[in-house]
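1. Take this sequence and fold it.
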Amino acid sequence: QVQLVESGGGLVQTGGSLRLSCAVSGRTFSSYSMAWFRQAPGKERDFVARIIWSSGNTNYADSVKGRFTISRDNAKNTVYLQMNSLKPEDTAVYYCARKTYVGGNMYETRFYNDWGQGTQVTVSS
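-> So this is what the prediction gives:
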């Protein structure tokens, strides 16, 4: 059984920063990649960023490139999302997700095996 627990969300003003954390417990050795998605009210859950555990290679949605950084601490089994220059349109519930295998479209939620409960990020204008 694998558990993903997000933390670090909150309320911030436009231009501010937040760092989200996702602690992974359980059978973590079988993780291939970790990702962050977000879901605004009434909208679909969208891809934000992805990191491959072993290599550290990263990918980002165009909307967050240059502002967000995904990273991982293998010793702590934790993935982070540093969010800078936040905008009101970044307001959403942010979820971390784990994929255990190579392949599948990283942008699609259906290819991920495990999900956290989500953490709310609200950016005020």
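2. Straight-line length of stretch 54-67, end to end?
-> 24 Å (C-alpha to C-alpha, to the nearest Å).
3. and that stretch, which residues are buried?
-> Across stretch 54-67, burial judged by 16 or more other C-beta atoms under 10 Å covers Asn59, Tyr60, Ala61, Val64. From N, CA and C alone the C-beta is placed, and that goes for glycine too.
4. likewise stretch 84-95?
-> Within stretch 84-95, judged by 16+ other C-beta under 10 Å, the buried ones are Leu86, Asp90, Thr91, Ala92, Val93, Tyr94, Tyr95.
5. re earlier: strands - which of the buried residues of stretch 54-67 land there?
-> Judged by DSSP state E, these include Asn59, Tyr60 as members of strands.
6. Verify the stated contact: Phe37 with Arg110.
-> No. With contacts defined as C-beta atoms under 8 Å, Phe37 does not count as touching Arg110, sitting 11.7 Å away.
7. which of those two has more neighbours?
-> Neighbour tally, Phe37 and Arg110, criterion other C-beta atoms under 10 Å: the higher count belongs to Phe37, 25 against 6.
8. For the more buried one, give me its contacts.
-> By C-beta atoms under 8 Å, 6 or more residues apart in numbering, the contact set of Phe37 is Arg45, Asp46, Phe47, Val48, Tyr94, Tyr95, Cys96, Ala97, Thr109.
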